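**Q** Give me a model of this one.
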Amino acid sequence: MCTAATYKTKDFYFGRTLDYEISYGDQVVVTPRNYVFDLRQGGQLKSHYAMIGMACVMQDYPLYYDAVNEKGLGIAGLNFVGNAHYKNPVEGKDNITQFELIPWILGKCATVKEARRLLAGMNLIDTPFLENLPVAQLHWIIADKEECITLESVEEGLKIYENPVGVLTNNPPFQYQMFNLNNYMHLAVENRENTFSKDLDLNQYSRGMGGLGLPGDLSSQSRFVRVAFVKMNSLSGDSEAESVSQFFHILGSVDQQRGCCKLGEDKYEITLYTSCCNADKGIYYYNTYDNHQISAVDMHKTNLDGENLSTFALVKGEQIYMQN
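**A** Numbers count the residues shown, from 1 in each chain. Sure, this is the predicted structure:
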């Protein structure tokens, strides 16, 4: 389970949490402009936009969970189990596998508007990266500084939704997540007055009671409501440090702690990493479950005209500053 969000101050920020019980060797990966993607149905993707994001690299191929390209377009794929549905190849369409979608869009498109046009001719196909690997059941948030959409491939076909909150979690499908926000329209950041009954002397006894009813459980529907409320009401300065810090606080509202979501014998879902990419500057910030220090990779400090991936192992272990 995961949560993705956008945030805008002076610059545009895009990131997500990845919540799971195991890691697949996640790395920050920069794909330069001349790295060649061999598409399963569509020849090769080369001489494309450079991109940076978190990925598992298999057979020198970056399986991106989330990424942002050099033009400021970002995509994240989140679990959509039971609702994701992919097709067989169709003649006359761009037949793209789910693991090719992120590099295909980011390699070709500079904006959401361009992504919409490209998606109009796409058919998302049910082909695994390796025969012994299951096909990931995902849906995607796609955003730039101007707009945000949600992409879902379901049994009825490909669905593209306007995403005015700039947030995505998992199930149910996006239109139901948005409709569910109607149930929380009473939430407020201000103190509330007694509207229960004029005949009862009811008083606010604590700060923050305008948010009574904001869900606090770990379900994907509750995380959608909570991070949407926090993100839509978040305030910070325009500096890089203030913006990045606030973004991590936004996604910190849906952190998953070991022990709270049991999946089986000695298996617990946790927030493996949280990311925040300054999409304007191409700087990818992250922290991990075992390292709360924010680390960063600047894609422009690598050779963006190269042909080979640049990979950065995650900084592990708590970085504790001992004051003297």
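**Q** The helix or strand that contains residue 54: how far from the chain's middle?
**A** Under DSSP states H and E, the secondary-structure element containing residue 54 is strand 51-58. Centroid separation for strand 51-58 versus its chain: 13 Å, with Cα atoms, centre = their mean, to the nearest Å.
**Q** What of stretch 225-233?
**A** 15 Å.
**Q** Over to stretch 10-26?
**A** Per Cα atoms, centre = their mean, the centroid offset for stretch 10-26 relative to its chain is 6 Å.
**Q** Mean confidence (pLDDT) on it, please.
**A** Mean per-residue pLDDT for stretch 10-26: 94.
**Q** buried residues in that stretch?
**A** Buried residues in stretch 10-26, counted by 16 or more other Cβ atoms under 10 Å: 11-20, 26. C-beta: built from backbone N, CA, C; applies to glycine.
**Q** Touching stretch 160-178 from outside, list them.
**A** 1-7, 76, 78-83, 116, 119, 139-141, 143, 147-152, 154, 159, 181, 220-221, 223-224, 227-228, 231-232 (Cβ atoms under 8 Å, 6 or more residues apart in numbering).
**Q** Which pLDDT value goes with residue 193?
**A** 87.
**Q** Look up phi and psi at it.
**A** As for residue 193, its main-chain torsions (degrees, to the nearest 10) stand at phi -100, psi 160.
**Q** Distance-wise, check it relative to residue 243.
**A** Residue 193 sits 34 Å away from residue 243, going by Cβ to Cβ, to the nearest Å.
**Q** Comparing the two, which shows the higher neighbour count?
**A** Legend: neighbour count by other Cβ atoms under 10 Å for residue 193 and residue 243, higher for residue 243 (20 against 9).
**Q** Below-threshold pLDDT in the stretch 101-250 of the chain: ranges please.
**A** Along the stretch 101-250 of the chain, no part satisfies pLDDT under 70.
**Q** Please enumerate the strands of it.
**A** With DSSP state E, counting those that start in this stretch as the criterion, the stretch 101-250 of the chain has strands at 122-125, 138-143, 148-154, 157-162, 167-168.
**Q** which non-adjacent residue is nearest residue 305?
**A** The shortest distance from residue 305 to any non-neighbouring residue, by Cβ to Cβ, 6 or more residues apart in numbering, is to residue 33 (5.7 Å).
**Q** Kindly report the same for residue 188.
**A** residue 210 is the one closest to residue 188 (Cβ to Cβ, 6+ apart), at 3.7 Å.
**Q** From residue 24, how far off is the closest residue to residue 107 other than its chain neighbours?
**A** Spatial nearest neighbour of residue 107, excluding adjacent residues (Cβ to Cβ, 6+ apart): residue 48 at 3.2 Å. Separation of residue 48 from residue 24 (Cβ to Cβ) stands at 24 Å.
**Q** sorry, back to before: want to throw the buried residues of stretch 10-26 into CSV with secondary structure?
**A** Formatted as CSV, these follow (DSSP: H, G, I helix; E, B strand; the rest coil):
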residue, secondary structure
11, coil
12, strand
13, strand
14, strand
15, strand
16, strand
17, strand
18, strand
19, strand
20, strand
26, coil
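**Q** what two of those residues are the furthest from one another?
**A** Distances among the buried residues of stretch 10-26 were taken as Cβ to Cβ; the most separated pair is 11 and 20, at 28.8 Å.
**Q** where does residue 29 land in three-state SS?
**A** Under three-state DSSP, the three-state class of residue 29 is strand.
**Q** Quick check, residue 246 in contact with residue 233.
**A** No. When contacts are counted by Cβ atoms under 8 Å, residue 246 is not listed as touching residue 233 (11.3 Å).
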